[in-house]
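**Q** can't give you the sequence, but here's the structure:
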């Protein structure tokens, strides 16, 4: 296992971490939708324009998956993560359109030690993804299991 | 025809089954979620999940894949009967998504949907918001995924 930079102790309430920046191409929108969500507004520009979304737009699950990668590249790859039990909520607030450049932040809202799994804590994050106009396109909240740097001391 | 009339609360509809091969799990995770336990069976042994398992987003995308196939077939069959299918739009998000068990390589997940409520939007006439409970169960009958989804509907 590679030695992570961030552990449970580093995620203090209020701390904000940037997500990696990512531009979304028409090709990747269509590729994801073809495999997982083949609805017209995710497959063609014309159908997208004719829909309530106003253009070729990413599947919400594609947006969620892109957010995951932006989080990984932004800070999670350097974190002693043990995965997540779920997502409390996710809002797809605005369409993610082909050519959009996404950025965002994960902000720690709370953290606690897990009684059931010694050496691991649960950190809750509020995530926001914005487009190039600064408009929030996705918001979500979820807990992530993260290993402690010094389990014995922290639990003593 | 409204969605809630077609599929009233209490009526859980199986949408389809997806086999999660190691190859598919790794391909998805390399693109979107390259944490060690999603891309490397050996490395996965050192983590809580204990083995190569699908990204939770992959599990969710599998639900969507089966739902779109199910819905397209449903619309076709309604039209063959001369009925007007509900006009569904996009989703505004979801709540309470739980990844209850890891989805390991070789698992077959059977997905389902239940419409639990529907309300008309006061802010936009002719639009309705449907609430659904969406689930995935593995080949052992264990619930692996559950969330509360939303889907817009137009008159």
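**A** Cool, the structure landed. Here the structure is a predicted model, which means the values were calculated and not measured.
**Q** which positions in chain A make contact with chain B?
**A** By CB under 8 Å from any CB of the partner chain, the residues of chain A that approach chain B are A:1, A:32, A:35-39, A:41, A:51-53, A:59-61, A:64-66, A:68-69, A:72, A:76-77, A:81-93, A:95, A:117, A:120, A:145. Bear in mind the C-beta positions are built from the backbone N, C-alpha and C, glycine included.
**Q** can you give me the strands for chain B?
**A** In chain B, the segments counted as strands under DSSP state E are B:13-19, B:87-88, B:93-99, B:108-120, B:127-137, B:143-154.
**Q** the lengthiest helix in chain A vs strand B:143-154, what angle?
**A** Using DSSP state H to define each element, chain A has its longest helix at helix A:60-74. Between helix A:60-74 and strand B:143-154, the angle comes out at 120 degrees (axes from the mean of the first three to the mean of the last three CA atoms, to 10 degrees).
**Q** residues contacting residue 24?
**A** Since you didn't name a chain, this refers to chain A. Contact analysis of residue A:24 by CB atoms under 8 Å, 6 or more residues apart in numbering or on different chains lists A:58, A:66, A:96-102.
**Q** that's the other chain; I wanted chain B
**A** Counting by CB under 8 Å, 6+ apart, residue B:24 has contacts B:54, B:58.
**Q** roughly how far does it sit from residue B:60?
**A** According to CB to CB, to the nearest Å, residue B:24 stands 14 Å off from residue B:60.
**Q** ditto for residue B:17
**A** Taking CB to CB, one finds residue B:17 at 15 Å from residue B:60.
**Q** the more surrounded of those two?
**A** A count of neighbours by other CB atoms under 10 Å in any protein chain shown puts residue B:60 above the other of residue B:17 and residue B:60, at 27 against 14.
**Q** and the pLDDT at that one?
**A** On the pLDDT scale, residue B:60 is placed at 98.
**Q** now swap in residue A:128 and tell me
**A** Reported pLDDT for residue A:128: 98.
**Q** hey, what's it bridged with?
**A** On the basis of DSSP bridges, residue A:128 takes part in beta bridges with residue A:105, residue A:139.
**Q** my read: it touches residue A:105, true?
**A** Yes: look at residue A:128 against residue A:105 with CB atoms under 8 Å: they come within range, at 5.8 Å.
**Q** what does stretch B:84-93 rub up against?
**A** Against stretch B:84-93 from outside (CB under 8 Å, 6+ apart): A:41, A:51-53, A:60, A:89-93, A:95, B:1-3, B:6, B:71, B:74-75, B:78-79, B:127, B:129, B:149-155.
**Q** residue A:87: what's it in contact with?
**A** Neighbouring residues of residue A:87 by CB under 8 Å, 6+ apart: A:140-142, B:56, B:94, B:97, B:147.
**Q** which pair of those spans the longest distance?
**A** A:141 and B:56 (14.6 Å; CB to CB).
**Q** those two: which is more packed in?
**A** Per other CB under 10 Å, whichever of residue A:141 and residue B:56 has more neighbours is residue B:56, with 26 against 16.
**Q** which residue lies closest in space to that one, excluding its sequence neighbours?
**A** Using CB to CB, 6 or more residues apart in numbering or on different chains and skipping the chain neighbours, the partner closest in space to residue B:56 is residue B:99 (4.4 Å).
**Q** please name the bridge partners of that neighbour.
**A** On the basis of DSSP bridges, residue B:99 is bridged to residue B:145.
**Q** now do it against residue B:2, distance only.
**A** Relative to residue B:2, residue B:99 is positioned 31 Å away (CB to CB).
**Q** okay, these two: which has more neighbours?
**A** Taking neighbours as other CB under 10 Å, residue B:99 and residue B:2 compare with residue B:99 leading, 23 against 15.
**Q** next, count neighbours for the nearest residue to residue B:126 once chain neighbours are set aside.
**A** Closest residue to residue B:126 apart from its sequence neighbours, by CB to CB, 6+ apart: residue B:155 at 4.1 Å. Look at residue B:155: counted by other CB under 10 Å, it has 10 neighbours.
**Q** residue B:38 too?
**A** Residue B:38: 26 surrounding residues under other CB under 10 Å.
**Q** near the closest residue to it other than its chain neighbours, how many other residues are there?
**A** Nearest non-adjacent residue to residue B:38, counting by CB to CB, 6+ apart: residue B:29, 3.5 Å away. Per other CB under 10 Å, the neighbour tally for residue B:29 reads 26.
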